[in-house]
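Peer 1: Starting from these lines, generate the structure:
(chains A and B)
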2 protein chains.
Amino acid sequence: MSKSSISTNAKKVNSFLTSRLHGRPTELYKAASHIMVHGGKRLRPYLVIKSCEILGGTVKQALPAAASIEMIHNFTLVHDDIMDNDDMRHGVPTVHTRFGIPIAILAGDVLFSKAFETISSDSHIPEKQSRALVSSLAKACVNVCEGQLLDIQMAQNQKMPSESQYIKMVEKKTATLFETSCTLGALSANSNRKNIANLSSFGKNLGIAFQIVDDLIGVLGDSKITKKPVGNDLREGKKSLPILIAIKSAKSTKREIILNAFGNSEATKNDIKKAVKVMQSLGIEKTIRKKAIYYSARAQSSLSSYVGPSKKELISLLNFVVKRSL
Amino acid sequence: MSKSSISTNAKKVNSFLTSRLHGRPTELYKAASHIMVHGGKRLRPYLVIKSCEILGGTVKQALPAAASIEMIHNFTLVHDDIMDNDDMRHGVPTVHTRFGIPIAILAGDVLFSKAFETISSDSHIPEKQSRALVSSLAKACVNVCEGQLLDIQMAQNQKMPSESQYIKMVEKKTATLFETSCTLGALSANSNRKNIANLSSFGKNLGIAFQIVDDLIGVLGDSKITKKPVGNDLREGKKSLPILIAIKSAKSTKREIILNAFGNSEATKNDIKKAVKVMQSLGIEKTIRKKAIYYSARAQSSLSSYVGPSKKELISLLNFVVKRSL
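Peer 2: Below you'll find the predicted structure:
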C-alpha cells in the first residue's frame, strides 16, 4: 500500500469533511469532529475513491460519497463507544467522556444527518446517482444497526457463538461499511451493475478479512502497538474468532487456563499472559491468518477483470490489511 | 379537525410503518416500534398527506414520506428521552427504561436509517422527487440536532433566554419537523416552488404555535389531562415561554413566589400551586394564547390561495392545535 497515495487522498477527504461539518451551536460540530480530528486513516474514503477510479471515475466525483461514508463510520464509533462504555479512542477521550452522553448522542446523530445531506444536496451528482447512493447508504446503516445488536446479544448470551454466527455478525457490523464504500465508489463512477457487484464483493470480503485480523491483534497483538494491555480481548471476555477457536480446540489444562482468563476481571497479569501463551502454542495465529487469506483471495478474485494503478492500490491495501503484524 | 379523517389516515400510515419496521434481530424492531405502538396521533404524517392532497396529489403518493417523517419524529423521541432522562412517554416506560440505553440508541439509529431507506428505495417515487425528499429530510435532521443542543445549552445556562432566543430554539427543535412534513407532502405531489414554499411556511408557523401552546399546558394544564403533577414545567425549571414571560413581568412578592418554585426540587406542592396561581393572576394564558394566534394567523395566510376539503382539514388541525384547552 502506498502511504503517500493514502495520505494525499486523506487530505482531500479531510478538507471536504471540514467544509461540511460546521454550523451552530459550534459545540455540536466540535463534538461531531472530535474523533476525526484526532486520527483515523480514512480507509473507507480511500476505498470509495479507488473504486471510483478503477471504473474510470475521478476523485472529484467520489468525494461526496467518500466524505459521507467517513461521517457514517464516525457516527457508529461515537454511538458504539457510548454503548460499550469505552473511555478512550485514538489515544484521546471518547466523545461521551469528553462532552457527556447527551451531546455524544447528538454528535452521532448530526454526523448521520450530514452524511445524507452531503450525497443528496450536491448539485454535481446526477439525480439517478444520488438516489442510488442514498438507498445504498441507508441500507448499509440498517445493516450496521442490526449487526451491532447481534454483537450485543452475542456478548450477553451465556453460550459461545458458532463460527458462522460470528462471521454473520461481522458481515453486518463491520464489513457492511467496507462493502458500501466500494459500492458508493462504483456508483459515483456511474458504472454498470456488473462492476458495482464486483467492487461491492471486493469491499465485503476485505471487510471480513480486516475484522478477523483486527480480532487477532486484539488478543495476541503487541501491547506497545495496540496501546492496550496484553491479551486485552481475552480479559474483556470478547467472543472474537481467535478466542472462539482457541476455546473450542484446547483440551484439559490448556482449556482451563484460557477459560480462567476469559472475561475474568480478577485474573492477574500472569493469568492473562499464561492464557496468551497457550493460545500461541495452539497455533491460533496461523489458523486465523488462513481464514483472513481465504476472504482476501475472494476479494482479489472480484477484481480479476480489471487492470491499472487503482487496482494495484486496492490490492496493496488488501494485502496490508491481511498481513498487518501483531 | 375531523377525528375520523385523522384516524383513517393514521391507519394507512400505521400499516405502511409496520410493513417497513421489521427484520432481525426482532428485539431491535420491537424497541424501534415501542413508542409508536403505544400512542401518537400521527399529526406529522397527516400534514404530509394533506399537504400533498391540497396540491392535487394522492394519499398513496404521500405515504412513503409520511411514514419517513414519523420514523424521524420517533427517532428524536427515543434519543431525547435518553438525553433528558425521562422514564415515561404515552403512559408507558420510555425505550431506554424498557430496553436499556444501548438498545435505545440503536432503536433510534435504525428508525433514522429506515426513514431514509423508505424515501430512497421506493421505485414508485421518481428520481428527482426522491432526491428532493432526501435532501429536505436530511437538512431537517441537522436542524433538529442543532435545536436540541440549543435547548440543552439553554437549560444549563444560568441566564434566562430572551423570547427571541427561545423562539429560535423552538423553530429548530420542534417546528422543523412540522415544516418538513408539509414540504415533503408538497414534494410528493410533485408541485412547484411557490406551492412548496407556501406549505412549508404553513407547517413552520403551525409548529411554533403548537409548541407555544404545549408549553402553556406544561405549566398551567390540568394534571388529569397532562398526566403530570400540577405546574410540572415550573418544578422542573423548564425555561419555556410562559415561564420566561411570567418571571419577566412579575414584580416583588409575586416574582419571589414564582422563583421559589422554579426548578426547586424541594418546593412543596403548595409552593407550586401558589406559583401557578400567581402566573394565572398575571394573565399568562391570555398573553401566550395571543402569541400562538399570531403564528396561527401567519400559517393560515400561507394557505390563502388554496380552496377545497384538504385546506379545510389543515385549517381545522391548526385551530385544534392553537385552541387546545388547558
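Peer 1: From now on I want contacts and neighbour counts done on CA atoms only, so please keep to that.
Peer 2: OK.
Peer 1: Taking helix B:127-156 as reference, get the angle to the longest helix anywhere in chain A.
Peer 2: Among the segments of chain A that qualify as a helix by DSSP state H, the longest is helix A:127-156. Calculated by axes from the mean of the first three to the mean of the last three C-alpha atoms, to 10 degrees, helix A:127-156 forms an angle of 50 degrees with helix B:127-156.
Peer 1: If you count neighbours, what's buried in the next helix or strand after helix A:127-156?
Peer 2: Next in sequence after helix A:127-156, counting helices and strands by DSSP states H and E, comes helix A:163-170. Neighbour counts over helix A:163-170 (16 or more other C-alpha atoms under 10 Å in any protein chain shown) mark A:Tyr166, A:Ile167, A:Met169, A:Val170 as buried.
Peer 1: Only alpha carbons, please: show stretch A:187-200 as CSV.
Peer 2: Coordinates of each C-alpha in stretch A:187-200 appear next as CSV, following Å, rounded to 0.1, in the frame of the first residue of the first chain:
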residue,chain,number,x,y,z
LEU,A,187,-21.9,4.3,-8.2
SER,A,188,-20.0,7.6,-8.2
ALA,A,189,-18.2,6.5,-11.4
ASN,A,190,-21.7,5.9,-12.9
SER,A,191,-20.8,2.3,-13.7
ASN,A,192,-22.9,-0.7,-14.6
ARG,A,193,-24.4,-3.4,-12.4
LYS,A,194,-21.7,-6.0,-13.0
ASN,A,195,-18.9,-3.6,-12.0
ILE,A,196,-20.9,-2.4,-8.9
ALA,A,197,-21.3,-6.0,-7.8
ASN,A,198,-17.6,-6.8,-8.3
LEU,A,199,-16.5,-3.9,-6.3
SER,A,200,-19.1,-4.5,-3.6
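Peer 1: Give the rounded mean pLDDT of that stretch.
Peer 2: Averaging pLDDT along stretch A:187-200 gives 98.
Peer 1: Kindly list the main-chain dihedrals of the residue of the stretch 201-326 of chain A found nearest chain B?
Peer 2: When scored by C-alpha to the nearest C-alpha, the stretch 201-326 of chain A has A:Lys238 as its residue closest to chain B, at 17.1 Å. Backbone torsions of A:Lys238, given as degrees, to the nearest 10, read phi -70, psi 130.
Peer 1: for A:Met88, same thing?
Peer 2: Per-residue torsions, A:Met88: phi -130, psi 150 (degrees, to the nearest 10).
Peer 1: that older thread, just the buried residues of helix A:163-170 now: which is nearest chain B?
Peer 2: A:Met169 (10.9 Å).
Peer 1: Surely that closest one touches A:Gly147?
Peer 2: Yes. Assessed by C-alpha atoms under 8 Å, A:Met169 is found in contact with A:Gly147 at 5.2 Å.
Peer 1: Give the burial count for A:Lys239, as a bare number.
Peer 2: For A:Lys239, the tally of surrounding residues (other C-alpha atoms under 10 Å in any protein chain shown) stands at 22.
Peer 1: what's around the residue of the stretch 201-326 of chain A closest to chain B, how many residues?
Peer 2: When neighbours are defined as other C-alpha under 10 Å, A:Lys238 has 20 of them.
Peer 1: who's in contact with it?
Peer 2: A:Ala155, A:Gly263 (C-alpha atoms under 8 Å, 6 or more residues apart in numbering or on different chains).
Peer 1: If you average the pLDDT over the longest helix of chain A, what comes out?
Peer 2: Mean predicted confidence for helix A:127-156 is 97.
Peer 1: now that helix and helix A:163-170, what's the angle there?
Peer 2: Going by the same axes, to 10 degrees, helix A:127-156 makes 130 degrees with helix A:163-170.
Peer 1: Against which helices or strands is helix A:127-156 packed?
Peer 2: With contacts taken as 3 or more C-alpha pairs under 8 Å, 6 or more residues apart in numbering or on different chains; DSSP states H and E, helix A:127-156 sits against helix A:59-84, helix A:101-120, helix A:163-170, helix A:176-188, helix B:101-120, helix B:127-156.
Peer 1: go again using 6 Å as the cut-off
Peer 2: helix B:101-120, helix B:127-156 (3 or more C-alpha pairs under 6 Å, 6 or more residues apart in numbering or on different chains; DSSP states H and E).
Peer 1: Return the residues in contact with A:Arg235.
Peer 2: A:Ala261, A:Phe262, A:Gly263, A:Asn264 (C-alpha atoms under 6 Å, 6 or more residues apart in numbering or on different chains).
Peer 1: Of the helices and strands packed on helix A:127-156, flag the one that's most buried.
Peer 2: helix B:101-120 (a mean of 26; mean count of other C-alpha atoms under 10 Å in any protein chain shown).
Peer 1: and the helix or strand containing A:Ala275, C-alpha only, in PDB?
Peer 2: Using DSSP H and E, A:Ala275 sits in helix A:269-281. Presented in PDB, the C-alpha positions along helix A:269-281 are these (Å, rounded to 0.1, in the frame of the first residue of the first chain):
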ATOM      1  CA  LYS A 269      -1.500 -10.200  34.600                       C
ATOM      2  CA  ASN A 270       0.200 -13.600  34.900                       C
ATOM      3  CA  ASP A 271      -3.100 -15.500  34.300                       C
ATOM      4  CA  ILE A 272      -3.600 -13.500  31.100                       C
ATOM      5  CA  LYS A 273       0.000 -14.000  29.900                       C
ATOM      6  CA  LYS A 274      -0.300 -17.700  30.500                       C
ATOM      7  CA  ALA A 275      -3.500 -17.900  28.500                       C
ATOM      8  CA  VAL A 276      -2.000 -15.900  25.700                       C
ATOM      9  CA  LYS A 277       1.000 -18.300  25.600                       C
ATOM     10  CA  VAL A 278      -1.400 -21.300  25.500                       C
ATOM     11  CA  MET A 279      -3.200 -19.600  22.500                       C
ATOM     12  CA  GLN A 280       0.100 -19.200  20.800                       C
ATOM     13  CA  SER A 281       1.000 -22.800  21.400                       C
END
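Peer 1: helices and strands around it, which ones?
Peer 2: Packed next to helix A:269-281, using 3+ C-alpha pairs under 6 Å, 6+ apart, are helix A:252-261.
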